[in-house]
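Novice: Okay, structure incoming, though there's no sequence with it:
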């Protein structure tokens, strides 16, 4: 299954919407990264930006790796469940998770944040490795730091991962998560400069409602598109079976006719 441009754009928009949920968390991490730099680097904004950029490259790379893994796992899972209906089941699960995230952002389902506890065991193992990289001394260290902190438990990331799992392949899962990661860049790249402004925006209820409704629309679209593609695939399969049946009938008929003439002779 090939991703449409609309799917990539939707994943990008999901990343943008995640800003309102993650700005405090991401801003704090980037703040720790920035303030841990030596004074002669912190005094030059563009040098700081090189470290922040390296961190974000590492973080988005980790999203892509996780997306590829989950896309591969999802393909194997729905093939084992059912070649015909396994993908639809995973798509419904992804839509439900995205719906929960949308309702959470809109303020209608605050308990959904509990989903972030799913990644707590893995993060308990990874977090000490990330802390050992502080203070960051080179852009390479910043990239490694980002690759580790990309695994930080986050409900918005899990919503994107659910979509990647239902995508049907490692390549599609990779593309979706990279698009999601790119969508988070405008906020994370400028978090150190506009942290206060982003924090004020994140507290505005109207923006959170808009972001939540946007994600709900994406969840509905994901469900509808997969249901439609499922019906389309089944109809094509039925047409192919019917065509093969007619072809086999025509190929058998002349043989039967020749045999009948031979018996009469």
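Specialist: Thanks, I have the structure now. All values reported here derive from a predicted model rather than from experimental measurement. Residues are numbered from 1 along each chain as shown.

Novice: Now the residue most central in space within the chain. Nearest residue, chain neighbours left out?
Specialist: Centroid check for the chain by CA atoms, centre = their mean gives residue 160 as the closest residue, at 3.0 Å. If the residues on either side of it in the chain are set aside, residue 160 comes closest to residue 180, at 4.2 Å by CB to CB, 6 or more residues apart in numbering. (Each C-beta comes from the backbone N, C-alpha and C, glycine too.)

Novice: Touching, that neighbour and residue 15? I think so.
Specialist: Yes. Counting by CB atoms under 8 Å, residue 15 is a contact partner of residue 180 at 4.3 Å.

Novice: any shared contact partners between those two?
Specialist: Overlap of the contact sets of residue 180 and residue 15 (by CB atoms under 8 Å, 6 or more residues apart in numbering) consists of residue 160.

Novice: Which strand or helix spans the residue nearest to the centre of the chain?
Specialist: Per DSSP states H and E: residue 160 is located in helix 155-165.

Novice: just residue 220 next, same as before
Specialist: Per DSSP H and E: helix 205-264 holds residue 220.

Novice: Next, the buried residues of the helix holding residue 160.
Specialist: Residues 155, 156, 157, 158, 159, 160, 161, 162, 163, 164, 165 are the ones in helix 155-165 that count as buried (16 or more other CB atoms under 10 Å).

Novice: tell me the angle the very next helix or strand once past it makes with helix 155-165.
Specialist: As assigned by DSSP H and E, the chain's next helix or strand after helix 155-165 is helix 170-189. Here helix 170-189 points in a direction 160 degrees away from that of helix 155-165 (axes from the mean of the first three to the mean of the last three CA atoms, to 10 degrees).

Novice: Show me what helix 170-189 is packed up against.
Specialist: Applying 3 or more CB pairs under 8 Å, 6 or more residues apart in numbering; DSSP states H and E, we find helix 170-189 packed against helix 5-17, helix 19-35, helix 45-81, helix 155-165.

Novice: Highest mean neighbour count out of the ones you listed?
Specialist: Per-stretch averages of neighbours, counted by mean count of other CB atoms under 10 Å, single out helix 155-165 among these, with a mean of 26.

Novice: Which residues outside that one are in contact with it?
Specialist: Residues outside helix 155-165 that contact it (CB under 8 Å, 6+ apart): 11, 14-15, 17-18, 21-22, 63, 66-67, 70-71, 73-74, 77, 90, 93-94, 97-98, 100-101, 104, 112-113, 115-116, 118-119, 172-174, 176-177, 180, 215, 222.

Novice: re earlier: what's the angle between the helix holding residue 160 and helix 45-81?
Specialist: Going by the same axes, to 10 degrees, helix 155-165 makes 50 degrees with helix 45-81.

Novice: And helix 155-165, how far out from the chain middle?
Specialist: 5 Å (CA atoms, centre = their mean, to the nearest Å).

Novice: do the same with stretch 6-24
Specialist: 10 Å.

Novice: Tell me how far residue 61 lies from residue 147.
Specialist: Going from residue 61 to residue 147 by CB to CB, to the nearest Å gives 6 Å.

Novice: picking up where we left off before, average model confidence for the helix holding residue 160?
Specialist: In this model, helix 155-165 has a mean pLDDT of 89.

Novice: Equivalent analysis for stretch 41-55, please.
Specialist: What stretch 41-55 shows for mean pLDDT is 84.

Novice: Contacts for that stretch, please.
Specialist: With contacts defined as CB under 8 Å, 6+ apart, stretch 41-55 is touched by 30, 33-35, 37, 136, 139-140, 142-143, 145-146, 149, 188-189, 191-193.

Novice: can we see that at 7 Å?
Specialist: Contact with stretch 41-55 is made by 30, 33, 34, 37, 136, 139, 142, 143, 145, 146, 189, 192, as judged by CB atoms under 7 Å, 6 or more residues apart in numbering.

Novice: quick check, nearest of these to residue 125?
Specialist: Set against residue 125, the nearest of the contacts of stretch 41-55 by CB to CB is residue 145 (16.2 Å).

Novice: does the closest one really touch residue 135, like I thought?
Specialist: No. Under the criterion of CB atoms under 7 Å, residue 145 is not in contact with residue 135, lying 10.1 Å apart.
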